[in-house]
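> what's the 3D shape of this:
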Amino acid sequence: MAYVELDVELATPLLAGSANPNEVDRDYPIRPSEVKGLWRWWARALVAGALFEQGLLHGVPDRDILRRPSDREAELISKIVGLDLGLGYAGEEGSRASCFRVSVDITEAAQPRVASGGLIGGINLQRVRLLTLGRRQVEYVDRLRAHITINEHIPCNLDDNAVKAALGSLSLALRLSCLGKGGRRGLGCLDVRSVNGRYSSLFDSRRSINELINEVVKYVKNTISKSEYLPRRAQAMGGRDCGLPPMPVISKAEYTKCVNRDIGCKLGKLYAFQVLELSGGSRVLGALHNFFLRPERARVLMGNPTVNDKLRNRLAAWILGLPREQRGTGYEITSDVSRRASPMILAVHSNQSYLSVFLSADWPRELTWRDAGSQRITISESLVVDAICIALNEFLDYAGKQGIRVKPAWP
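Numbering: from 1, shown residues only. Below is the predicted model of the structure:
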């Protein structure tokens, strides 16, 4: 019997890509490898969060970024995710294939459509506009159903708690993130329509995200507590001195006291990881996808797309992800780092949508802002905290003006 079987349906348009990145793969619009990649990413964030709260993840300074996990910390996370949770490990001390096999069977799919001029289904989306610059055409799918099965791949003798920790990571990945190009901006999101199998309760979409995260975190912490790879001694818990985790982590470490008073935090509290629930029906995707574009923020917030918002005035829009440049202006990374994904992940579903926000120190040390002139920006951990708060404050104002209700969901 399978660990779990999921019938899923596309909730938002999917820009899947293939060997030709602008064309949908007709046979595999959803690839098992992409599902597995998202699964591992969230498993790493869960494991890293548990280690961070135990004082086992501090990071080290790097020439190009503020702080990254040390080699020893990165290896520890890889071993726990790969061996204790069973998602596969390849390292100097040996390797083991994943205990789980992901199978994706497409049960229904519409013929790919062509997006041009930034429009999908009559909605003008920033990500699509960027992909179709220069009259390029990009294919997408707007209707798709699939059957995802998680089976045993190799016998691993994982205990029940470890299996729940692993499958819970996958459940969070499907609830809080999406697939394909624009997956962090609410494109390519999947609704779980039905679920079967011994671990089906972990994928029940009727459960609150707060309940699900708390349960999965418990399973992960219990699994880690039995790990043979843990060091014997731990330092004080991270976060007490405003030191940020060196990578995205799922943790309740609080940083409210670290925010500059002249900025403040409209949410009331700021954590290393937090989730906001968004309610606003079918308007959520078009409205919130375009929050990440300055002219659209300015149009909604101040009625004029040509004026500067607070993120622009404080030269803090880099917090929405790098690179952020267009037509010779914007933020240029001046080190060997090529990009830095947004720490704000939008997931749009039929019944409920979410914004996940990660606060971490893995940012480039220096940027150059280029406009009429240029200005050097030296990033610090305190600047990251302030920039996140500015972005969240604007997001709350923006969502309110769009008629979208926002409420904290986790912690």
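
> Let me see the contact set for the spatially closest residue to A110 that is not a sequence neighbour.
Spatially, and ignoring its direct neighbours in sequence, A110 is nearest to R143 (3.9 Å; C-beta to C-beta, 6 or more residues apart in numbering). C-beta coordinates here come from the backbone N, C-alpha and C atoms, glycine included. Shown in contact with R143 (C-beta atoms under 8 Å, 6 or more residues apart in numbering): 10, 108-110.

> Considering those residues, which is situated nearest to W39?
L10 (18.4 Å; C-beta to C-beta).

> Bridge partners for the closest one, pull those for me.
L10 has these beta-bridge partners by DSSP bridges: L190.

> got a pLDDT number for it?
Note for L10: predicted pLDDT of 96.

> again, but for G239
pLDDT, G239: 44.

> How about the backbone phi and psi for the residue nearest to L322 when sequence neighbours are not counted?
Using C-beta to C-beta, 6+ apart and skipping residues adjacent in sequence, the residue nearest L322 is R340, 4.3 Å away. Phi and psi for R340, reported as degrees, to the nearest 10, are phi -150, psi 110.

> OK, contacts around R340?
By C-beta under 8 Å, 6+ apart, the contact list for R340 reads 321-322, 333, 362-364.

> I'd like those residues laid out as TSV, including pLDDT.
What follows is the contacts of R340, written out as TSV (pLDDT from 0 to 100):
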residue	pLDDT
G321	92
L322	88
I333	86
D362	96
W363	96
P364	95
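
> among the residues you listed, who's most crowded?
W363 (24 neighbours; other C-beta atoms under 10 Å).

> my read: it touches D64, true?
No - distance between W363 and D64: 9.9 Å, which falls outside the contact criterion (C-beta atoms under 8 Å).

> Nearest to S208 among the contacts of R143?
Nearest to S208 among those, counting by C-beta to C-beta, is L10 at 23.3 Å.

> For the residue nearest in space to the middle of the chain, give me its contacts.
Centroid-nearest residue in the chain: I345, 4.4 Å away (criterion: C-alpha atoms, centre = their mean). Neighbouring residues of I345 by C-beta under 8 Å, 6+ apart: 176-177, 184, 355-358.

> Kindly state the beta-bridge partners for R96.
Y89.

> any idea how far it is from T223?
16 Å (C-beta to C-beta, to the nearest Å).

> so the closest residue to the residue nearest to the centre of the chain other than its chain neighbours, which of the three states?
Closest residue to I345 apart from its sequence neighbours, by C-beta to C-beta, 6+ apart: S356 at 4.4 Å. Following DSSP: H, G, I helix; E, B strand; the rest coil, S356 is assigned to strand.

> Would you quantify the distance from H349 to N151?
In terms of C-beta to C-beta, H349 sits 26 Å off from N151.

> ok, those two, which is more surrounded?
Taking neighbours as other C-beta under 10 Å, H349 and N151 compare with H349 leading, 20 against 15.

> May I ask you to confirm that that one is in contact with R193?
No - taking contact to mean C-beta under 8 Å, the distance of 11.1 Å between H349 and R193 leaves them out of contact.

> Common neighbours of those two, please.
With C-beta under 8 Å, 6+ apart applied, the contact sets of H349 and R193 do not overlap.

> rewinding a little: just the pLDDT for the residue nearest to I345.
98.

> Run through the residues that contact it.
176-177, 273-275, 344-345, 347.

> ok, of those, which one's closest to K257?
Q274 (15.6 Å).

> so what's that closest one closest to, chain neighbours aside?
With C-beta to C-beta, 6+ apart as the criterion, Q274 has its nearest non-adjacent residue at 5.3 Å, and that residue is V357.
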